[in-house]
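Chemist: Sharing a model prediction with you, sequence too.
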Amino acid sequence: MTQDVAVLGAGMHPWGKWGRSFVEYGTVAARAALADAGVGWSDIGSVVGADTVRGGYPGYVAGATFAKALGWQGARVASVYAACASGAQAIAAARAQILAGLADVVLVVGADAAPKGFFRPAGGDRPDDPDWLRFRLLGATNPTYFGLYARRRMAVHGDTPEDFALVKVKNAAMGALNPYARYRKRVTAEEVAASAVVADPLRLLDICATSDGAAALVLSSMDFARRLGAARPVRIRAVSTVTPNFPNTVLDLPDIATDSAVAVEPTGETFRASIARAAFEEAGLGPEDLSLAEVYDLSTALELQWYEDLRLCGEGEGAKLLREGATAPGGRIPVNASGGLASFGEAVPAQAIAQVCELTWQLRGTAGERQIAGARVGITANQGLFGHGSSVVAVR
Amino acid sequence: MPHTRTPAVAGWFDGEGDGFRLLGTRCSACASVHFPREDLHCRNPHCTGGPLEEVPLSRSGRIWSYTDSRYRPPSPYVSNPELPWEPYALIAVELEAERIVVLGQTAPGITVADLTVGMEVEVVPGVLDEDAETAWTTWHWRPTGVTV
Ligand SMILES: [Zn+2]
């Protein structure tokens, strides 16, 4: 177990399609997190930006870009890219600096202005890039992979499209209560069933949209928090940033094939499950300790998969857990009280940070109408393209 | 009519008709099979590495899962925006001997309604797209014994 770091502040820019620069979104979220922390920008010792890959050159140097927008003040700086896990790796970098004594208080920012429609690789002919190849050779968009996972669950576990739709119904009901969510309207199972098929068996309302948005955190050492008068801050206890283990036997984005299991017998633990296990081990906590979870519902079916990977239930029992109401507010382990990506959409560098913002508000007891009563321990789960794991455990 | 047939990607498949095969590489030290081909180093972390040899993959396997693409994918997928979008199915196929799952488009005319998880499929040559000079060739999966 490592030492805790304090979450002093959390902030977001509302998600949606605003048509403005990611720098603007990130700066708004950063100022909100600083105000929430009661820390001045000039007191920040380090800024870590999660990179967006759009927006040209500044997108790749996010840390310095946000620092410039907030006003150069000489802070240490870093920028990280890990696709959808970028935000978690930014948090990990900030935490490592704090625990190493390199900085007392660190600002973490992720922001994106997402394109309309499918995500696609950057331009140019790059036949040595697996992400480029899967589009060029197969036209395999992200929803293609979500469709493969969903169909596999139907074949192996007996899940139904109606089960998947219930995930959307649950998350939309929570998103309707979240002022930062892009979609703030309840959705019915009938509306999911009536939406167009995108990648069989998944429909438009089973799959998360792309959005603009931003999220930011102010993290500090426990000593700094004490000096600031924050006696009982929300604390980050674990950040899992693991890679898969060979052979990775589940076809994952953006791969065209799995590893071969000819030479090394698979352990039976999938990559997603290993992400959660690493977080639990580092935190010294288990699924039975959780009050709530924020998981990466790129698709409704994928949320059910996370239930099993987080060991909230046994393998194949995700749909049963959902149907019992265990993952709804008031249930044993509410999942995606924020409304999830179903309500936010994807703003890639921001979303893993946004998950921790939600945990922070829930653990403080300030989540308003979405509040999960008595929340004490929360986990986030997320996965980035190319084999980036991401899970954060926060406690109060 | 295009007059040359060129693989859409070099070195991933070869042959014609029943002799068509996906090509991977096999590590001579640990027997791991790599597809797409790995020509530098074996990716088994426990393997000290040995020469990587080109091997044809099994011609048939079983469906691990499948889906389709009801909306036109963005570039670098090539499609004619002047024509209405025709969805195609994609299959992830488990090859028993190699213990690997390989994704691919289905042969034209095969839809998700024709597929089930566990069904046997075989690899066949296909065309990804074509222009006036060139047909860019690829691999397709097709339920075994089906001819379209
Ligand atoms: Zn080897």
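Modeler: Great, that's in hand.
Chemist: Now do the contacts for the closest residue to chain B within chain A.
Modeler: The shortest separation between chain A and chain B is 3.1 Å, found at A:G147 (distances taken as CB to the nearest CB). In this view, the C-beta of every residue, glycine as well, is placed from N, C-alpha and C. Residues in contact with A:G147, defined by CB atoms under 8 Å, 6 or more residues apart in numbering or on different chains, are A:V198, A:A199, A:D200, A:P201, A:L202, B:T67, B:D68.
Chemist: Repeat the analysis, applying 10 Å as the threshold.
Modeler: With contacts taken as CB atoms under 10 Å, 6 or more residues apart in numbering or on different chains, A:G147 has the following neighbours: A:140-141, A:197-202, A:206-207, A:299, A:301, B:65-70, B:90, B:112.
Chemist: Repeat that for A:G55.
Modeler: By CB under 10 Å, 6+ apart, A:G55 lies in contact with A:S21, A:F22, A:V23, A:A62, A:T65, A:A111, A:D112, A:A113.
Chemist: how many other residues sit next to the closest residue to the fourth one other than its chain neighbours?
Modeler: So that's A:A62. What sits nearest to A:A62 in space, not counting adjacent residues and going by CB to CB, 6 or more residues apart in numbering or on different chains, is A:G49, at 2.9 Å. Burial of A:G49 is recorded as 32 neighbouring residues (other CB atoms under 10 Å in any protein chain shown).
Chemist: Walking through chain B, point out its helices one by one.
Modeler: Counting by DSSP state H, chain B has no helices to list.
Chemist: How about the residues of it by the ion?
Modeler: Applying the criterion CB under 5 Å from the ion, the portion of chain B that neighbours the ion consists of B:C27, B:A29, B:C30, B:S32, B:C42, B:N44, B:C47.
Chemist: now these as JSON lines including neighbour count?
Modeler: Shown next, in JSON lines, are these (neighbours: other CB atoms under 10 Å in any protein chain shown):
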{"residue": "B:C27", "neighbour count": "23"}
{"residue": "B:A29", "neighbour count": "15"}
{"residue": "B:C30", "neighbour count": "17"}
{"residue": "B:S32", "neighbour count": "27"}
{"residue": "B:C42", "neighbour count": "24"}
{"residue": "B:N44", "neighbour count": "21"}
{"residue": "B:C47", "neighbour count": "17"}
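Chemist: the strands in chain B, which residues?
Modeler: Using DSSP state E, the strands of chain B run over B:4-7, B:13-14, B:21-27, B:33-34, B:52-56, B:60-68, B:89-95, B:100-106, B:120-130, B:134-143.
Chemist: Sheet partners, orientation included, of the fourth one?
Modeler: Okay, so that is strand B:33-34. Strand B:33-34 sits in its sheet next to strand B:21-27 (antiparallel), going by DSSP bridges.
Chemist: got the angle for the partner strand vs strand B:134-143?
Modeler: Taking axes from the mean of the first three to the mean of the last three CA atoms, to 10 degrees, one finds that strand B:21-27 is oriented at 80 degrees with respect to strand B:134-143.
Chemist: For strand B:21-27, list the C-alpha coordinates in CSV.
Modeler: What follows is the C-alpha trace of strand B:21-27 in CSV, where atoms were taken according to Å, rounded to 0.1, in the frame of the first residue of the first chain:
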residue,chain,number,x,y,z
ARG,B,21,-4.2,-18.6,-46.4
LEU,B,22,-3.6,-15.9,-43.8
LEU,B,23,0.1,-15.6,-43.1
GLY,B,24,1.6,-15.2,-39.6
THR,B,25,5.0,-15.7,-38.1
ARG,B,26,5.9,-18.4,-35.6
CYS,B,27,8.6,-18.1,-33.0
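Chemist: next one: that strand to chain centre, how far?
Modeler: Distance of strand B:21-27 from its chain centroid, counting by CA atoms, centre = their mean, to the nearest Å, is 12 Å.
Chemist: for stretch A:154-170, same thing?
Modeler: Averaging C-alpha positions (CA atoms, centre = their mean) puts stretch A:154-170 21 Å from its chain's average.
Chemist: So for that stretch, what gets flagged as buried?
Modeler: By neighbour count, with 16 or more other CB atoms under 10 Å in any protein chain shown as the criterion, the buried positions of stretch A:154-170 are A:154-155, A:157, A:159, A:161, A:163-170.
Chemist: Redo those residues as a markdown table? Include pLDDT.
Modeler: Rendered in a markdown table, the data for the buried residues of stretch A:154-170 read as follows (pLDDT from 0 to 100):
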| residue | pLDDT |
| --- | --- |
| A:M154 | 98 |
| A:A155 | 98 |
| A:H157 | 98 |
| A:D159 | 98 |
| A:P161 | 98 |
| A:D163 | 98 |
| A:F164 | 98 |
| A:A165 | 98 |
| A:L166 | 98 |
| A:V167 | 98 |
| A:K168 | 98 |
| A:V169 | 98 |
| A:K170 | 98 |
